[in-house]
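# pasting the sequence and the predicted coordinates here, then a few questions.
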Amino acid sequence: MADNKTAQAATQTVGRQELSKRIAKQAKLSQKQASEVLEATLTAIREALQDGDEVRLVGFGSFKVRQSAARKGVNPRDRQPIEVPAKERVRFFPGKELSEAVLKK
């Protein structure tokens, strides 16, 4: 269990800037070009999902919009029952290669 806590403490968050640096290095692009590619990719994914399309990146995973059903919940402040409305949610389903790569860490 201590090893798991150590691994979690060493984990860092990779944001857009760090991700664009990594893309620039791997694709041998300038940081500006990599940032533009990243933004274009994210915009294309966002627009496809807004149109109701599924985005499938073979070996990486799929982004899908799913409808969640209305359900009963509890307000944490006063413990009173509430009705949680149905809504659309974006879900990510990792592909086999991504799942295996993370497990091999």
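Nice, thanks for sending it over. Residues are numbered from 1 along each chain as shown.

# identify the residues contacting the longest helix belonging to the chain?
Across the chain, the longest stretch assigned as helix under DSSP state H is helix 31-50. Contact with helix 31-50 is made by 16-17, 19-21, 23-24, 27, 29, 54-55, 63, 65, 90, as judged by C-beta atoms under 8 Å, 6 or more residues apart in numbering. (Each C-beta comes from the backbone N, C-alpha and C, glycine too.)

# okay, and which of those map to strands?
55, 63, 65, 90 (DSSP state E).

# domains in this structure, as residue ranges please.
15-51, 54-105 (automatic domain parsing).

# save those as a markdown table, and put in mean pLDDT too.
Shown next, in a markdown table, are the domains of the chain (pLDDT from 0 to 100):
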| stretch | mean pLDDT |
| --- | --- |
| domain 15-51 | 96 |
| domain 54-105 | 94 |
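
# comparing those domains, which comes out most buried?
Among the domains of the chain, ranked by average contacts under mean count of other C-beta atoms under 10 Å, first place goes to domain 15-51 (a mean of 13).

# quote the end-to-end distance of that domain.
26 Å (C-alpha to C-alpha, to the nearest Å).
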